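S.K.: the sequence and its predicted three-dimensional model are supplied below.
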Amino acid sequence: MDNCIDSNNMSTLIIVKHPLIQHKLTLMRRTDTATGDFRRLLREISTLLAYEITRDLPLTTVRIQTPLMVMDAPALAGKKLCFVSILRAGNGLLDGMLDLLPSARVGHVGLYRDPETLDAVEYYYKVPQDLAERLTIVVDPMLATGNSAIAAVQRLKQGGAQQMKYLCLLAAPEGVQAFSTAHPDVPITTAALDERLNEHGYILPGLGDAGDRLYGTK
């Protein structure tokens with residue numbers, strides 16, 4: 001796991017280079033990977049990424065009874081987590097994260113990218129009311145232009161979220177820079193930082209449109 005600091009705004013980019021994640025990501029990138037396999041791989045990778053992004057959750061101590069004796073044992077402290085999926089592709093990451101943390105609260109932000117301007121347009125918003133009391137992890141497979149991620153995080157801040165992280169499968173340098181400039185207080189965790197965007201705003205080399213490949217809509 002590499003931590004990269006942007007000296008201009010001190011935003012943190014964390015690239016998770018676990019061998020299992022990198023191998024599964026390579027399989028996902030292949031154009032001949034079937035929809036079912038793509039979906040399964042994304043779920044598996046998201047569980048591994050959830051493990052990494054939650055490694056600094058605060059702990060407290062609780063007294064429990066084991067079969068042999070009473071002990072003071074570590075447990076997660078306070079109101080814990082809220083996962084917020086950026087629809088629709090974010091749900092592919094969400095499923096695997098909930099496998100690991102089934103009690104987490106869940107929110108959804110619906111955004112689509114205007115094909116002309118590439119700006120994010122909101123069409124749905126539903127999140128828990130107590131965001132201020134939880135770590136909010138925003139999930140979307142691709143951080144391309146960054147417009148959708150920037151808009152979603154801004155909306156969540158307006159809704160009361162105070163502590164946030166952003167999790168994606170792939171990121172482009174242009175998206176990382178734009179997001180970090182807009183939200184330097186929100187660290188980014190990703191499995192790979194790719195080369196660049198093409199003229200249509202897609203990540204290169206990337207893996208195509210994550211939503212279309214996840215749901216078989218192309």
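M.R.: On my side now, so go ahead. Numbering: from 1, shown residues only.

S.K.: any idea how far residue 25 is from residue 198?
M.R.: Going from residue 25 to residue 198 by CB to CB, to the nearest Å gives 19 Å. Glycine gets a C-beta too; all of them are placed from N, C-alpha and C.

S.K.: what is the helix ranked longest in the chain packed up against?
M.R.: Looking across the chain with DSSP state H, the single longest helix is helix 35-53. If you count contacts as 3 or more CB pairs under 8 Å, 6 or more residues apart in numbering; DSSP states H and E, helix 35-53 packs onto helix 19-29, helix 90-100, strand 163-171, strand 188-193, helix 210-215.

S.K.: now the angle between helix 90-100 and that helix, please.
M.R.: Inter-element angle recorded for helix 35-53 and helix 90-100: 60 degrees (by axes from the mean of the first three to the mean of the last three CA atoms, to 10 degrees).

S.K.: buried ones in helix 35-53?
M.R.: 38-50, 52-53 (16 or more other CB atoms under 10 Å).

S.K.: same question, stretch 119-128
M.R.: Buried residues in stretch 119-128 (16+ other CB under 10 Å): 120, 125, 127, 128.

S.K.: take those and keep only those in strands.
M.R.: Judged by DSSP state E, strands contain the following of the buried residues of stretch 119-128: 120, 125.

S.K.: quick one, which of the helices and strands packed on helix 35-53 is packed in tightest?
M.R.: Across the helices and strands packed on helix 35-53, the average number of neighbours (mean count of other CB atoms under 10 Å) peaks for strand 163-171, which reaches a mean of 23.

S.K.: quick one: strands adjacent to it?
M.R.: Strand pairing for strand 163-171, using DSSP bridges, gives strand 135-139 (parallel), strand 142-143 (parallel), strand 188-193 (parallel).

S.K.: tabulate those strands (TSV), appending distance to residue 88 and mean pLDDT.
M.R.: Output for the strands paired with strand 163-171, formatted as TSV (distance: least, CB to CB, whole Å; pLDDT from 0 to 100):
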stretch	distance to residue 88	mean pLDDT
strand 135-139	12	96
strand 142-143	12	94
strand 188-193	19	96
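
S.K.: can you redo those as CSV with distance to residue 202?
M.R.: Formatted as CSV, the strands paired with strand 163-171 follow (distance: least, CB to CB, whole Å):
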stretch, distance to residue 202
strand 135-139, 19
strand 142-143, 8
strand 188-193, 15
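
S.K.: for residue 151, which of the ones you listed is the nearest?
M.R.: strand 135-139 (10.9 Å; CB to CB).

S.K.: to the chain's geometric centre, what's the distance from the closest one?
M.R.: Put simply, strand 135-139 sits 7 Å off its chain's centre (CA atoms, centre = their mean, to the nearest Å).

S.K.: what does it rub up against?
M.R.: 46, 53-54, 57, 80-86, 90, 93-94, 97, 107, 109, 149, 152-153, 156, 161, 163-168, 186 (CB atoms under 8 Å, 6 or more residues apart in numbering).

S.K.: circling back to that earlier point, the longest helix of the chain to helix 19-29, inter-axis angle?
M.R.: 150 degrees.

S.K.: and the residue lying closest to residue 106 once chain neighbours are set aside, how many residues sit next to it?
M.R.: Leaving aside its sequence neighbours, residue 106 sits nearest to residue 83 (CB to CB, 6 or more residues apart in numbering; 5.4 Å). Number of residues near residue 83 (other CB atoms under 10 Å) recorded here: 23.
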